[in-house]
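Participant: Please work out how this folds:
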Amino acid sequence: MHQPVVTPVSTPIRATAGSTAVRAESHGPLLLAPPPEPPARPAPSAHPQLSYLQPVPRHMVHRAAIAEVFLTDAVRTGEDGFLVAAQWPRDHALYSPGSDGTSDPLLFMETIRQALVYLAHEYYAVPLTHRFIGFGSEFEITDPAALRIGGEPVPVVLEARWVWVGNRPPHRYGMRLDVILTVGGRACGRGSLHVVAVDDKRYAMLRGRGAKPRGVAVAGPAPRTLERVHPEAVGRLRAKDSVLVRERPDSPWQLLIDVEHPIFFDHPSDHVPLMVTLEGFRQLGHLLLHPGDMARGAGHSLLGMQVDCRAFGELDAPIDLVVRERRTETGSGRTRLTLDAVQNGTPVAACRTLWGAAGRAADGGAGHRDHRVAVSSTA
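Facilitator: Numbering: from 1, shown residues only. Below you'll find the predicted structure:
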């Protein structure tokens, strides 16, 4: 077997592992069944002008750093229809382009998250003080070539439809946003995000002992020695962005959370954010599908992901990432992976990913490399 490459990492990481939210009723898997009816698309002449001049206010998308705000505008096209504008950077510290020169697909999922939060506050009067809890997310890139990065930042439009799901305002809002991704008028993806937003009292009831005051982060447990995968082996550029660790070569992969990471933890949280869980699933899939002597990103590219969140991921216990099924389609070369995130024996999230063949790196005959590196962390 190929072994991952060893590269020194100078800065220890402190933190933990966990997953995200609470299970919700399913609205149909995106990757394994026909997608839901897409949002109604207005005629091109009816599209209101969208602005890309500046980002929306950061607090409206629950971001502390202005640099992490991708949304620039939104306009209503019907009772529950919207056009949402976003600008994707040509490069990004975390969401870096793939080796094929296309935008990171998780940038699409983060844009959906920001769009839902923004529309909830701006158009549906969901209070800014409510806590948002992820129930499930899904996306699929249907035309990867449309996401190829050129000489300017990528201007994208989400054609969005708002759906209320188990809505009981004013203390609990249940909502789902279904979107079509377009670049230059060219449809190239679809996705969905289902969340609930609750007031502090109901959030504390849901979280139980895990609830913390707003803005207060949870301290991690005592450090332990872990083996973290080199970022190249999981499709990342920086050591701090690698989130896969394990205690021994024969132990399961776990999700490592750095609570001081400036993007994963843009602001304090008392549980593992949804986007961190998605990143863990993505990195494990990349590791499985790319042998140690393959170039970064060669071989397979992520085309789709569906995640059902079943429990909060706590910050004081390890979370195992478990492979349930791996199936390669004959002819297309696409691979489907079924993964689970398990904490203290309890499933916290289930994931299905779709990977497309993106060419193979030439075998230069180099020896196997080990991508693991010992780091000091907490669990």
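
Participant: make it CA atoms for all contacts and neighbour counts henceforth
Facilitator: Fine.

Participant: Tell me where the stretch 51-200 of the chain has helices.
Facilitator: 105-124, 200-207 (DSSP state H, counting those that start in this stretch).

Participant: ditto for the stretch 201-350 of the chain
Facilitator: Using DSSP H, counting those that start in this stretch, the helices of the stretch 201-350 of the chain run over 274-289.

Participant: can you pull out the strands in it?
Facilitator: In the stretch 201-350 of the chain, the strands defined using DSSP state E, counting those that start in this stretch lie at 223-229, 244-246, 253-255, 257-258, 299-309, 319-328, 335-343, 346-359.

Participant: would you list these in JSON lines and tack on mean pLDDT?
Facilitator: Shown next, in JSON lines, are the strands of the stretch 201-350 of the chain (pLDDT from 0 to 100):
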{"stretch": "strand 223-229", "mean pLDDT": "75"}
{"stretch": "strand 244-246", "mean pLDDT": "90"}
{"stretch": "strand 253-255", "mean pLDDT": "93"}
{"stretch": "strand 257-258", "mean pLDDT": "78"}
{"stretch": "strand 299-309", "mean pLDDT": "93"}
{"stretch": "strand 319-328", "mean pLDDT": "94"}
{"stretch": "strand 335-343", "mean pLDDT": "96"}
{"stretch": "strand 346-359", "mean pLDDT": "89"}
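
Participant: so where's the chain shaky on pLDDT?
Facilitator: Across the chain, the ranges flagged by pLDDT under 70 are 1-48, 209-224, 291-298, 358-379.

Participant: quick one on the thing from earlier: highest average neighbour count across the strands of the stretch 201-350 of the chain?
Facilitator: Comparing the strands of the stretch 201-350 of the chain by mean neighbour count (mean count of other Cα atoms under 10 Å), strand 257-258 ranks first with a mean of 29.

Participant: Give the partner strands of it in its sheet and their orientations.
Facilitator: The pairing partners recorded for strand 257-258 under DSSP bridges are strand 15-16 (antiparallel).

Participant: just to revisit the earlier point, need the helices of the stretch 51-200 of the chain in a markdown table (columns: mean neighbour count and distance to Q87).
Facilitator: Listed next are these as a markdown table, based on neighbours: other Cα atoms under 10 Å; distance: least, Cα to Cα, whole Å:
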| stretch | mean neighbour count | distance to Q87 |
| --- | --- | --- |
| helix 105-124 | 21 | 9 |
| helix 200-207 | 15 | 33 |
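
Participant: Distance to I133 added to those helices, as JSON lines?
Facilitator: Formatted as JSON lines, these follow (distance: least, Cα to Cα, whole Å):
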{"stretch": "helix 105-124", "distance to I133": "11"}
{"stretch": "helix 200-207", "distance to I133": "9"}
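
Participant: what's the closest of the ones you listed to L53?
Facilitator: Distance to L53, taken as Cα to Cα, is lowest for helix 105-124 among the helices of the stretch 51-200 of the chain, at 16.9 Å.

Participant: what are the bridge partners for V156, then?
Facilitator: The partner residues for V156, given DSSP bridges, come to A86, V183.

Participant: Could you measure from L287 over to T111?
Facilitator: L287 is 25 Å from T111, where distance means Cα to Cα, to the nearest Å.

Participant: typed the wrong thing, it's Q254
Facilitator: Distance, Q254 to T111, using Cα to Cα: 26 Å.

Participant: go on, G150?
Facilitator: For G150, the distance to T111 equals 19 Å [Cα to Cα].

Participant: Please name whichever of the helices of the stretch 51-200 of the chain is nearest to T182.
Facilitator: Going by Cα to Cα, the one of the helices of the stretch 51-200 of the chain nearest T182 is helix 105-124, 10.7 Å.

Participant: If I take the closest one and strand 299-309, what angle do their directions form?
Facilitator: On the basis of axes from the mean of the first three to the mean of the last three Cα atoms, to 10 degrees, helix 105-124 is oriented at 40 degrees to strand 299-309.

Participant: R131: which of the helices of the stretch 51-200 of the chain is closest?
Facilitator: R131 sits nearest to helix 200-207 of all these, at 6.9 Å, using Cα to Cα.

Participant: which strands and helices sit next to the closest one?
Facilitator: Packing partners of helix 200-207 (3 or more Cα pairs under 8 Å, 6 or more residues apart in numbering; DSSP states H and E): none among the helices and strands.

Participant: ok now it, how far from the chain's centre?
Facilitator: Chain-centre distance of helix 200-207: 24 Å, with Cα atoms, centre = their mean, to the nearest Å.

Participant: Begin at 39, not 1, for the rest of this chat.
Facilitator: Will do, 39 is the new start, and the previous item becomes helix 238-245.

Participant: could you dump the strands of the stretch 239-388 of the chain to a markdown table with distance to S175?
Facilitator: Listed next are these as a markdown table, based on distance: least, Cα to Cα, whole Å:
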| stretch | distance to S175 |
| --- | --- |
| strand 261-267 | 26 |
| strand 282-284 | 21 |
| strand 291-293 | 19 |
| strand 295-296 | 20 |
| strand 337-347 | 5 |
| strand 357-366 | 18 |
| strand 373-381 | 15 |
| strand 384-397 | 10 |
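
Participant: Relative to A198, which of those is closest?
Facilitator: Of all the strands of the stretch 239-388 of the chain, strand 337-347 comes closest under Cα to Cα, at 18.2 Å.

Participant: Counting neighbours, what do you get for the nearest residue to A235 once chain neighbours are set aside?
Facilitator: Excluding its sequence neighbours, the residue lying closest to A235 (Cα to Cα, 6 or more residues apart in numbering) is F170, at 4.3 Å. Look at F170: counted by other Cα atoms under 10 Å, it has 19 neighbours.

Participant: ok, F170 - contacts?
Facilitator: Contacts for F170 (Cα atoms under 8 Å, 6 or more residues apart in numbering) come out as V233, V234, A235, V236.

Participant: Then T180?
Facilitator: By Cα under 8 Å, 6+ apart, T180 lies in contact with C226, G227, R228, L341.

Participant: would you list those in CSV and tack on distance to P207?
Facilitator: Formatted as CSV, the contacts of T180 follow (distance: Cα to Cα, whole Å):
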residue, distance to P207
C226, 35
G227, 31
R228, 28
L341, 36
